[in-house]
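**Q** how would this look folded up:
(2 chains)
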Amino acid sequence: MIGRRVLAGVGNTVRDYVESVGYATRTFFTMIGLSPGMMRRPRLVIEQLHFIGNYSLLIITLSGLFVGMVLGLQGYYTLSKYGASESLGLLVALGLTRELGPVITGLLFAGRAGTSLTAEIGLMKAGEQLSAMEMMAVNPIQRVLAPRFWAGVIAVPLLASIFSAVGIFGGYLVGVGLIGVDAGAFWSQMQSGVDLWKDVFNGFVKSVVFGIAITFISLYQGYETRPTPEDVAGATTRTVVVSSLMIWWLDFMLTALMFSK
Amino acid sequence: MQRKSLDVWVGLFVVFGVAALMFLALKAGNSGTFSLAKTYEITAKFDNIGSLRPQAAVKASGVVVGRVARIAFDDKSYKAAVTLEMDATYKFPKDSSAKILTAGLLGEQYVGIEAGGDENNLAQGDKIARTQSAAVLEDLINQFIYSKAAEGKDSN
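**A** Model prediction:
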């Protein structure tokens, strides 16, 4: 008897999970479908770009600088063992453009902007603002979700580019300024080893994909939260957990697709 | 007034982002792979290309004069057919030879061109007849071991 109950429980959980994936997919495509209508009011996207892009700029820039500096320091210790400290620029630039730039930006963005999106929409729901919009024949997916989504999709690749560029500058500060690696070798090794399409462009594509994933997860968690204080708090936590896991999984898949030959 | 300051901040953010991307593309990356310069293609067949890859440099006297465009296997001669995309500003005699060389001890492999003495130059679609394969470490070690073994036999 207990066995049957457990089996039914497992079955229900799996069914709920599959159903929520399906519902999330439907919401995603509804939002994409409603986006052209929203584009008639670009002001909505600009406002959100300011809210999630500009406000994330400080943490992204500082993190990028420190990550670049640490890469410069750690890279130098390892490379100097093989007498290849001139390749420091290459190591820093490849590490940042291919992996660390998109991934760390994604994680920081999920923590900084994703949570605030979830909390904002969750509280809108708790305050019955979304229902009020529906009453006034305004589709909340078009008016609230779509502008935030597109702002996130635009902001993340820009933030990731800033992260990588500032990180390279950080690596330069430590490698050339502090340790004394030759500045010419630092740049020339970097330029001969970093490929515009294979490294810079693929890193950019990664950050676009992360932007789509994180922003949609944040919005969906907020939109689907139950209107109680506990569940709004739970939804912000879920945003960070799901986004982070999604970033690692997508990163693995994209790296395997892009860089394997 | 409120709207204008918002536009300025968002504008700054976008400008920073695009500038960072431009920096990555132009200063950090080798924008050389994205060149609109005129090129001509020549082919060379090698017994063994080692770990040569598309986009590897083609150098003459250490100067980059082209890039490896494609690598294929020719099942008639059982050799690797390497297509080289040469910069149109550089001309080489028809009897030039091509070698696969390694940058540094463990570095990337590239194609080295040595100019010959022919009066006619290589043109689109031409083949380089004289080639030298990549040095494969295992072969070198085997040769060394065999020669050592042969020496041992002679002395006995």
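
**Q** can you count the residues close to the closest residue to chain B within chain A?
**A** Nearest residue of chain A to chain B: residue A:158, at 2.7 Å (CB to the nearest CB). Where C-beta positions appear, they are placed from N, C-alpha and C, glycine not excepted. Using other CB atoms under 10 Å in any protein chain shown, residue A:158 has 27 other residues around it.

**Q** Shouldn't it be within a strand?
**A** No: if the criterion is DSSP: H, G, I helix; E, B strand; the rest coil, then residue A:158 is helix and not within a strand.

**Q** ok now do it, which residues does it touch?
**A** By CB atoms under 8 Å, 6 or more residues apart in numbering or on different chains, the residues touching residue A:158 are A:53, B:13, B:14, B:16, B:17, B:18, B:20, B:21.

**Q** repeat that with 6 Å
**A** With contact taken as CB atoms under 6 Å, 6 or more residues apart in numbering or on different chains, residue A:158 is in contact with residue B:17.

**Q** How much space separates it from residue A:51?
**A** Per CB to CB, to the nearest Å, residue A:158 is found 14 Å from residue A:51.

**Q** quick one, longest strand in chain B?
**A** Assignment by DSSP state E gives strand B:63-74 as the longest strand of chain B.

**Q** Up against chain B, what does the stretch 101-250 of chain A have?
**A** Residues of the stretch 101-250 of chain A found near chain B (CB under 6 Å from any CB of the partner chain) are A:158, A:161, A:162, A:164, A:165, A:168, A:190, A:191, A:194, A:196, A:200.

**Q** all helices for the stretch 1-150 of chain A, in order.
**A** Per DSSP state H, counting those that start in this stretch, the stretch 1-150 of chain A carries helices over the ranges A:2-38, A:42-49, A:55-81, A:88-94, A:101-109, A:115-126, A:129-135, A:140, A:146-172.

**Q** May I have the least confident helix or strand in chain A by mean pLDDT as PDB, with CA atoms only?
**A** The helix or strand of chain A with the lowest confidence, counting by mean pLDDT, DSSP states H and E, is helix A:183-193 at a mean of 83. Provided in PDB are the C-alpha atoms of helix A:183-193 (Å, rounded to 0.1, in the frame of the first residue of the first chain):
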ATOM      1  CA  ALA A 183      54.300  45.100 -22.500                       C
ATOM      2  CA  GLY A 184      54.900  44.500 -26.200                       C
ATOM      3  CA  ALA A 185      55.000  40.700 -25.700                       C
ATOM      4  CA  PHE A 186      51.800  40.900 -23.500                       C
ATOM      5  CA  TRP A 187      49.800  42.400 -26.400                       C
ATOM      6  CA  SER A 188      51.400  40.600 -29.300                       C
ATOM      7  CA  GLN A 189      51.000  37.200 -27.800                       C
ATOM      8  CA  MET A 190      47.400  38.000 -27.000                       C
ATOM      9  CA  GLN A 191      46.800  39.200 -30.600                       C
ATOM     10  CA  SER A 192      48.400  36.300 -32.200                       C
ATOM     11  CA  GLY A 193      46.600  33.800 -30.100                       C
END
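
**Q** Off-centre distance for that helix?
**A** Distance of helix A:183-193 from its chain centroid, counting by CA atoms, centre = their mean, to the nearest Å, is 29 Å.

**Q** Then stretch A:158-166?
**A** With CA atoms, centre = their mean as the basis, stretch A:158-166 stands 12 Å off its chain's centre.

**Q** Stretch A:67-87 now?
**A** Here the centre of stretch A:67-87 is set off from its chain's centre by 28 Å, with CA atoms, centre = their mean.

**Q** Which residues does it contact?
**A** In contact with stretch A:67-87 (CB under 6 Å, 6+ apart) are residues A:88, A:91-92, A:95, A:100, A:167, A:170-171, A:174-175, A:179, A:181, A:185, A:189.

**Q** residues in contact with the helix or strand following the least confident helix or strand of chain A?
**A** Remark: after helix A:183-193, the chain's next helix or strand is helix A:202-223, criterion DSSP states H and E. With CB under 6 Å, 6+ apart as the test, helix A:202-223 has contacts from A:24, A:28, A:97-98, A:101-102, A:106, A:109-110, A:114, A:117-118, A:121-122, A:145, A:148-149, A:152-153, A:156-157, A:160, A:235, A:238-239, A:242-243, A:246-247, A:250, A:254, A:258.

**Q** Apart from its neighbours in sequence, what residue is nearest the residue of chain B found nearest chain A?
**A** Closest approach of chain B to chain A (CB to the nearest CB) occurs at residue B:17, with a separation of 2.7 Å. Leaving aside its chain neighbours, residue B:17 sits nearest to residue A:158 (2.7 Å; criterion: CB to CB, 6 or more residues apart in numbering or on different chains).

**Q** thinking again about what came up before, count of residues packed around the residue of chain B closest to chain A?
**A** By other CB under 10 Å, the residues close to residue B:17 number 22.

**Q** In contact with it: list those residues for me.
**A** For residue B:17, the contact set (CB under 6 Å, 6+ apart) comprises A:158, A:161, A:162.

**Q** which one of these is nearest residue B:146?
**A** Comparing these against residue B:146 with CB to CB picks out residue A:161 as the nearest, at 54.7 Å.

**Q** list the contacts for the closest one?
**A** B:17, B:20, B:21.

**Q** Counting only helices, which of these make the cut?
**A** Among these, the members found in helices (DSSP state H) are B:17, B:20, B:21.

**Q** Just want the angle from the least confident helix or strand of chain A to helix A:55-81.
**A** If you take axes from the mean of the first three to the mean of the last three CA atoms, to 10 degrees, helix A:183-193 sits at 100 degrees to helix A:55-81.

**Q** Tell me the helices and strands packed up against helix A:183-193.
**A** Helix A:183-193 sits against helix A:88-94, with contacts defined as 3 or more CB pairs under 6 Å, 6 or more residues apart in numbering or on different chains; DSSP states H and E.

**Q** residue ranges with poor pLDDT in chain B?
**A** Along chain B, segments meeting pLDDT under 70 span B:1-3, B:30-36, B:104-107, B:154-156.
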